[in-house]
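Chemist: What follows is a predicted structure for the sequence shown.
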Amino acid sequence: MVLLFMIASPLISTGQADHISKQPKPLSTLTHKLSITYSDSLFASHSMVHIAAIHFEGNRLTRDRILYRELLFSEGDSIPTDRLIRRIESSRLNLMNTTLFNFVEPQVSFDQYPDVEITYHFVERWNIWPVPVFELDEPNLNLWLEDPSFSKFNYGIRLVATNVTGRNERIQFQAKTGNVQSLALLVYTPYINKAQTIGWGFRYGINRSKKRAYATEDNDRLFIRLSDHFIANEYYVSTHTNIRPKLYNNHRFSIGYHSYNFADTLLTLNPRFGPDGKNRFSYITASYSFRRDLRDIIAYPLKGFFYEVGVSRKGFGLFGDTDMDITTFEATAQHYIPLISRWFLAYGASAKFSEGTTLSYFDQQGIGYIQSLVRGYENYVIDGHQFMVFKSNLKYNILPQRVTEIGFIPSEKFSLIHYAVYANLFVDAGYMRDRHFYENNPLSNTWLGSIGLGLDLVTYYDTIFRAEFSFNRHGKLGVFFHTVAPI
């Protein structure tokens, strides 16, 4: 007997054993389908099965031990059939969220019942990218669209190498010029111990710029540009450790050193630009954050939840480090709920609270910067040191995920693509508390709110294109564009 049922987002189908090829299906014919062979009575009885073998196919670079780390079962386990099916799908999502693959497809054989064999098929992502940098020197795309100019871009080259040794490491080097000239190096490996619970990263960079925002008035940043020398110079170095004792919990500890040198012009224009009115200062930073992440697909979640809380400190009074005294607390919570067929609900909240004796314009950043954005206020910058933002989305899946193959491209890393389209209704709200620069910024210390409609295109390599029409509580209409998930 054939059993057809749905679990979460994948379609799980069964068929007669003699109708299933012993050879794995070509991945291009699969669309998140899990092929299983067993009877209705087997599933209904919750019978115990024994995992005799686990196989991986298509992971040409990625080492098997990196994949085993993401599984919710092991060879030799005995698990009820219904629970096994759910764990297979949850493990598939864990593997997708490593960002190593465009496709992960499971296949299960019950031919030797009660022994089962599980096979995961992969299409790995391309892992070495020489990426041209064309970086907007604005908080978001919509502010640039108000007054577009190529002089507001920084440009250069970014070399990114991931998973080079098959351990999911990341090495990134970037050099850019324009309003900001910089060199930056990032090295990160998620696992440095045998148990694969501890990761380590390192950052180093130098920045210098001829253009800098020195104040905010009418919720718009004021810039000054020097043509003959650099107005700001920065040097930083930091290291961090990630501890992931379980699959969905992550602890992050970081420590770093920052040094800044600003032109006197900035202090003349805004005496409160730097801490205690200084234009040269340095400090040590340290932070800790805890994250619990049970989203189905991190890039564009439809089910699950995400929580993160953190605390950071700038300035410890060590080694002459007396220029900074700021403590910041941050928290984020997001929930994603599938409703009836093709309908989804998402809502979230984020908050930031900074306090200290050296609060200045230099270190404030509030509403208007990507994830802290209240939609409908993309054309404004609402700076401060304390804020909260609430977001909600009701989505309808206009075009369910489809998989297609571009025939003239030989590599499945690029030729096999997936895409889906969602329409959504959203309601956002937020509040920025500013004790220092609110006098000339009417959107500070007042509630913000908006409602609107949006259209999202989601495709491979975590690519998202969003277009939204919004109406905010201050009577402004607008059409805005984004390239990250709204919540």
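Modeler: The structure has been received and is ready for your questions.
Chemist: any low-confidence regions in the stretch 1-150 of the chain?
Modeler: 1-46, 136-150 (pLDDT under 70).
Chemist: 50 instead, please
Modeler: Where the stretch 1-150 of the chain drops to pLDDT under 50, the residues are 1-41, 44.
Chemist: mind listing the helices in the protein by residue range?
Modeler: With DSSP state H as the criterion, the chain has helices at 40-44, 64-68, 81-96, 141-146, 264-269, 412-415.
Chemist: Which parts of the stretch 151-300 of the chain are strands?
Modeler: Listed in chain order, the strands of the stretch 151-300 of the chain (DSSP state E, counting those that start in this stretch) span 153-162, 170-177, 180-189, 198-209, 211-217, 220-225, 232-243, 249-262, 280-293.
Chemist: Tell me which residues are up against the fifth one.
Modeler: For strand 211-217, contacts defined as CB atoms under 8 Å, 6 or more residues apart in numbering pick out 137, 179-180, 221-226, 231-232, 262, 266, 269-270, 273, 361, 381, 383, 437, 440-441. Quick note: C-beta positions are derived from backbone N, CA and C, even for glycine.
Chemist: quick one: it to strand 220-225, angle?
Modeler: Counting by axes from the mean of the first three to the mean of the last three CA atoms, to 10 degrees, strand 211-217 lies at 150 degrees to strand 220-225.
Chemist: Near the nearest residue to residue 483 once chain neighbours are set aside, how many residues? Count them for me, please.
Modeler: In space, and not counting its chain neighbours, residue 483 is closest to residue 464: 5.9 Å by CB to CB, 6 or more residues apart in numbering. When neighbours are counted by other CB atoms under 10 Å, residue 464 registers 16.
Chemist: Please apply the same query to residue 450.
Modeler: Burial of residue 450 is recorded as 23 neighbouring residues (other CB under 10 Å).
Chemist: Dig out what it forms beta bridges with.
Modeler: For residue 450, the beta-bridge partners are residue 428, residue 472 (DSSP bridges).
Chemist: pretty sure it is in contact with residue 377, am I right?
Modeler: Yes. Using CB atoms under 8 Å, residue 450 is in contact with residue 377, at 7.0 Å.
Chemist: ranges for the strands of the stretch 1-150 of the chain?
Modeler: So, for the stretch 1-150 of the chain - with DSSP E, counting those that start in this stretch - the strands run 4-6, 11-14, 33-36, 48-57, 78-80, 101-112, 115-124, 128-136.
Chemist: of the contacts of strand 211-217, buried ones?
Modeler: Among the contacts of strand 211-217, those scoring as buried are 137, 179-180, 221, 224, 231-232, 262, 266, 270, 273, 361, 381, 383, 437, 441 (criterion: 16 or more other CB atoms under 10 Å).
Chemist: Name the residues of the lengthiest strand in the chain that are buried.
Modeler: Ranked by residue count, the top strand of the chain under DSSP state E comes out as strand 386-405. Residues 386-393, 395, 397, 403 are the ones in strand 386-405 that count as buried (16+ other CB under 10 Å).
Chemist: can you check stretch 422-442 too?
Modeler: 422, 424, 426, 428-432, 434, 437-438, 441.
Chemist: Any idea how far that stretch is from the middle of the chain?
Modeler: Computed by CA atoms, centre = their mean, to the nearest Å, the chain-centroid distance of stretch 422-442 equals 22 Å.
Chemist: what do you get for stretch 316-335?
Modeler: Worked out by CA atoms, centre = their mean, stretch 316-335 lies 22 Å from the chain centre.
Chemist: quick one: average pLDDT of it?
Modeler: Stretch 316-335 comes out with an average pLDDT of 87.
Chemist: Start and end of that stretch, how far apart?
Modeler: 36 Å (CA to CA, to the nearest Å).
Chemist: Can you give me the domain boundaries for the protein?
Modeler: 4-124, 128-482 (automatic domain parsing).
Chemist: Next, the contact list for the residue positioned nearest the centre of the chain, please.
Modeler: Geometric centre of the chain, nearest residue: residue 299, 6.0 Å, by CA atoms, centre = their mean. Taking CB under 8 Å, 6+ apart as the contact definition, residue 299 lies against 458, 462, 464, 485.
Chemist: Now for residue 450 and residue 377: what residues contact both?
Modeler: With CB under 8 Å, 6+ apart as the test, residue 450 and residue 377 both reach residue 472.
Chemist: Among the contacts of residue 299, which one sits closest to residue 120?
Modeler: The closest of the contacts of residue 299 to residue 120 turns out to be residue 462 (CB to CB; 19.9 Å).
Chemist: and the gap between that closest one and residue 379?
Modeler: Distance, residue 462 to residue 379, using CB to CB, to the nearest Å: 27 Å.
Chemist: again, but for residue 304
Modeler: Remark: distance between residue 304 and residue 379 (CB to CB) = 32 Å.
Chemist: now residue 189
Modeler: 41 Å.
Chemist: Reformat the helices of the chain as JSON lines; add distance to residue 277.
Modeler: Below are those laid out as JSON lines (distance: least, CB to CB, whole Å):
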{"stretch": "helix 40-44", "distance to residue 277": "71"}
{"stretch": "helix 64-68", "distance to residue 277": "51"}
{"stretch": "helix 81-96", "distance to residue 277": "50"}
{"stretch": "helix 141-146", "distance to residue 277": "29"}
{"stretch": "helix 264-269", "distance to residue 277": "6"}
{"stretch": "helix 412-415", "distance to residue 277": "54"}
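Chemist: out of the ones you listed, deepest packed?
Modeler: helix 81-96 (a mean of 19; mean count of other CB atoms under 10 Å).
Chemist: same for it, what does it pack against?
Modeler: When contacts are defined as 3 or more CB pairs under 8 Å, 6 or more residues apart in numbering; DSSP states H and E, helix 81-96 packs onto strand 33-36, helix 40-44, strand 48-57, strand 101-112, strand 115-124.
Chemist: how many degrees apart are it and strand 48-57 in direction?
Modeler: Using the same axes, to 10 degrees: helix 81-96 against strand 48-57 is 20 degrees.
Chemist: got the angle between helix 81-96 and strand 101-112?
Modeler: Using the same axes, to 10 degrees: helix 81-96 against strand 101-112 is 160 degrees.
Chemist: so how far is helix 81-96 off the chain centroid?
Modeler: Averaging C-alpha positions (CA atoms, centre = their mean) puts helix 81-96 22 Å from its chain's average.
Chemist: then that helix to PDB, C-alphas only?
Modeler: The C-alpha coordinates for helix 81-96 follow below in PDB (Å, rounded to 0.1, in the frame of the first residue of the first chain):
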ATOM      1  CA  THR A  81       9.300   5.100  12.600                       C
ATOM      2  CA  ASP A  82       7.200   8.200  13.000                       C
ATOM      3  CA  ARG A  83       9.900   9.900  15.100                       C
ATOM      4  CA  LEU A  84      12.600   8.900  12.600                       C
ATOM      5  CA  ILE A  85      10.800  10.600   9.800                       C
ATOM      6  CA  ARG A  86      10.600  13.900  11.700                       C
ATOM      7  CA  ARG A  87      14.200  13.700  12.600                       C
ATOM      8  CA  ILE A  88      15.200  13.000   9.000                       C
ATOM      9  CA  GLU A  89      13.500  16.200   8.000                       C
ATOM     10  CA  SER A  90      14.900  18.300  10.900                       C
ATOM     11  CA  SER A  91      18.300  17.000  10.000                       C
ATOM     12  CA  ARG A  92      17.900  18.100   6.400                       C
ATOM     13  CA  LEU A  93      17.100  21.600   7.600                       C
ATOM     14  CA  ASN A  94      20.200  21.600   9.900                       C
ATOM     15  CA  LEU A  95      22.300  20.600   6.900                       C
ATOM     16  CA  MET A  96      20.800  23.300   4.700                       C
END
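Chemist: can you pull the contacts of residue 393?
Modeler: Residue 393 neighbours (CB under 8 Å, 6+ apart): 344-347, 424-426, 454, 486-487.
Chemist: I appreciate the help and will end here.
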